[in-house]
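Student: Task: produce atomic coordinates for the following.
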Amino acid sequence: MTEKTNGRNSSIPRGYEVEDTKSRLEWIKEFYDIEIDDSLEDKPEDLQGIIENHIGFMKIPMAIAGPLHLNGVYARGKFCIPLCTLEGTLAMSMNRGIYASSLCGGTTVRHYRQELSRAPIFIFDSLEDSVVFQNWVKNNEKKIIAVAESTTNYGKVLRIDQYVVQNYVILDMVMDTGNAAGQNMVTLAAKVACEYIQKETKHNYFLESNLNSDKKASIRNMLLGRGHGVVAETTISSGVMKRILKIEPDILFDNQGFFPIVSSMAGTLGNGIHVSNALTAIYLATGQDAACAAENSLAHFGIEKKDDALKFKLTLPSLTIGTVGGGTRLKMQNKNLRLLGCADGEYSSRKLAEIIAGAALGLEISLVCAIGSHTWTEAHMKFGREKKQG
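Tutor: Model prediction:
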């Protein structure tokens with residue numbers, strides 16, 4: 001049976017019937033003047049650089065959440081969030097957190113960093129050779145940077161950090177990659193720079209030392225990031241907490257302190273609850289490298305008591321995302337970037353990063369409240385399972 005929107009014109013139509021899907025598509029068109037057509041298909045010849053040994057396409061169900069009200073540096077206004085997932089309740093849960101925030105003025109987001117690196121390693125026979133090399137790199141850093149930047153029209157080398165351990169010297173070449181996620185960009189830049197260094201110093205290298213933790217969660221990426229760093233926060237009133245999130249604010253605040261304690265006990269990096277759920281769903285929908293969720297799900301989540309309200313805070317220090325290159329050129333993924341207003345523009349990748357942070361915070365809020373109100377299991381049993389017919 002078709003579910004209603006409870007009289008809220010800004011709400012996404014609910015339900016599982018064909019007409020419900022059509023209603024949601026009409027809602028998106030009316031809200032954003034964009035038509036979502038899932039019959040779009042890329043030609044095999046357009047997949048070079050994206051996949052090898054191509055045999056066809058497998059559709060992943062796509063949902064929508066929102067509208068997400070954002071007050072950011074790059075993302076300002078209302079945004080519908082496209083999600084590709086196979087996990088029941090994820091879209092509904094994100095929508096619940098986003099809706100609660102929207103009733104209280106929305107979410108503030110601030111992009112604070114964009115850095116991506118490749119960290120080649122040079123190996124020496126003696127410490128003396130290592131010290132001489134370190135000084136040479138320091139004295140010739142401008143030349144090395146010029147060589148690295150000759151490989152790209154958009155990337156910019158911010159600095160070269162040196163890390164010394166035993167008879168090794170690691171050169172962490174840190175770049176601003178513009179609107180590209182930039183993994184290939186930094187790899188090529190570092191390769192050409194190392195060839196120049198090798199020619200001038202006669203020392204050999206390996207292009208990857210594993211310091212930059214590409215597709216791996218690490219303390220390095222939690223502190224320095226790999227991609228974009230964003231902070232998001234929203235303050236939700238006591239009334240909305242009780243009515244929408246089904247929990248007394250004081251109960252949540254007084255008891256949520258065990259999350260960071262137990263996270264530390266378990267050895268978890270950060271204390272996010274399930275940020276990877278939001279990231280993977282948005283990454284698949286917008287053409288990102290989904291494996292980057294491994295390093296990007298590092299998160300710092302916190303709750304602060306306010307007068308008759310709670311402030312929810314989320315820091316994502318490492319979002320490896322882009323709006324050009326890779327899977328972003330696929331037809332459906334590019335359409336979703338257009339839905340978000342991130343398909344073009346000088347800082348479209350930073351805008352996307354702010355949107356992702358706001359959406360991820362909405363999902364975190366909904367789950368922490370579901371855990372606190374003991375409705376988590378009930379929601380999954382009700383909405384996360386197939387309903388049998390007859």
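
Student: I'd guess Asp37 is in a helix, am I close?
Tutor: No. Per DSSP: H, G, I helix; E, B strand; the rest coil, Asp37 lies outside any helix segment and is coil.

Student: Just give the nearest non-adjacent residue to it, would you?
Tutor: Spatial nearest neighbour of Asp37, excluding adjacent residues (Cβ to Cβ, 6 or more residues apart in numbering): Lys335 at 7.6 Å. C-betas here are computed from N, CA, C, even on glycine.

Student: Surely the one you found touches Tyr32?
Tutor: No. If you go by Cβ atoms under 8 Å, Lys335 and Tyr32 don't touch, sitting 11.3 Å apart.

Student: ok, how many other residues are close to Val165?
Tutor: 10 (other Cβ atoms under 10 Å).

Student: how close does it sit to Glu19?
Tutor: 63 Å (Cβ to Cβ, to the nearest Å).

Student: Same question for Thr85.
Tutor: 22 Å.

Student: Neighbour count: the two, which is higher?
Tutor: A direct count of neighbours by other Cβ under 10 Å for Thr85 and Glu19 places Thr85 higher, at 20 against 10.

Student: Next, the residue lying closest to that one once chain neighbours are set aside: secondary structure please.
Tutor: Leaving out its chain neighbours, the residue that sits closest to Thr85 by Cβ to Cβ, 6+ apart is Ala281, at 4.3 Å. Under the three-state scheme (three-state DSSP), Ala281 adopts helix.

Student: ditto for Met241
Tutor: helix.

Student: How about Glu304?
Tutor: Under three-state DSSP, Glu304 comes out as strand.

Student: Enumerate every residue touching it.
Tutor: Leu310, Lys311, Lys313 (Cβ atoms under 8 Å, 6 or more residues apart in numbering).

Student: go on, Lys331?
Tutor: Applying Cβ under 8 Å, 6+ apart, the residues near Lys331 are Leu40, Glu41, Asp42.

Student: One more: Leu90?
Tutor: With Cβ under 8 Å, 6+ apart, Leu90 has these contacts: Ala63, Leu83, Asn277, Ala281, Leu363.

Student: Can you tell me which of those lies closest to Val230?
Tutor: Comparing the contacts of Leu90 against Val230 with Cβ to Cβ picks out Leu363 as the nearest, at 14.7 Å.

Student: Isn't the closest one up against Gly97?
Tutor: Yes. Using Cβ under 8 Å, Leu363 is in contact with Gly97, at 5.8 Å.

Student: residues in contact with the strand or helix carrying Met173?
Tutor: Assessed by DSSP states H and E, Met173 sits inside strand 168-176. With contact meaning Cβ under 8 Å, 6+ apart, strand 168-176 is reached by 114-124, 130, 133-134, 137, 148, 155-164, 182, 185-186, 189-190, 193-194, 197, 209, 211-212.

Student: what lines up beside it in the sheet?
Tutor: strand 107-118 (antiparallel), strand 121-123 (antiparallel), strand 156-165 (antiparallel) (DSSP bridges).

Student: Between those, which one is closest to Thr328.
Tutor: strand 107-118 (15.9 Å).

Student: Could I have the CA atoms of that closest one written out in CSV?
Tutor: What follows is strand 107-118, C-alpha atoms only, in CSV (Å, rounded to 0.1, in the frame of the first residue of the first chain):
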residue,chain,number,x,y,z
THR,A,107,23.6,21.9,9.5
THR,A,108,26.7,24.1,9.5
VAL,A,109,29.6,22.6,7.5
ARG,A,110,33.2,23.9,7.1
HIS,A,111,35.8,22.6,4.7
TYR,A,112,39.2,23.2,6.3
ARG,A,113,41.8,21.3,4.3
GLN,A,114,42.5,19.6,0.9
GLU,A,115,45.7,17.6,0.7
LEU,A,116,46.6,14.3,-1.0
SER,A,117,50.0,12.8,-1.1
ARG,A,118,52.2,10.1,-2.5
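
Student: So for that strand, mean pLDDT?
Tutor: For strand 107-118, mean pLDDT rounds to 97.

Student: Name the residues of it that are buried.
Tutor: Thr107, Thr108, Val109, Arg110, His111, Arg113, Gln114, Glu115, Leu116, Ser117, Arg118 (16 or more other Cβ atoms under 10 Å).

Student: Name whatever forms a beta bridge with the fifth one.
Tutor: Yep, that's His111 we're talking about. Val230.

Student: hmm, back to that, mind giving me CSV with the buried residues of strand 107-118 and columns for distance to Phe79?
Tutor: What follows is those, written out as CSV (distance: Cβ to Cβ, whole Å):
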residue, distance to Phe79
Thr107, 10
Thr108, 14
Val109, 11
Arg110, 16
His111, 15
Arg113, 22
Gln114, 20
Glu115, 25
Leu116, 24
Ser117, 30
Arg118, 32
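
Student: Run through who's touching the helix or strand that contains Glu295.
Tutor: For Glu295, the host element (DSSP H and E) is helix 293-296. Contact partners of helix 293-296, identified using Cβ under 8 Å, 6+ apart, comprise 213-218, 221, 226-227, 275-276, 279-280, 283, 316, 318-321.

Student: This completes my enquiry, with thanks.
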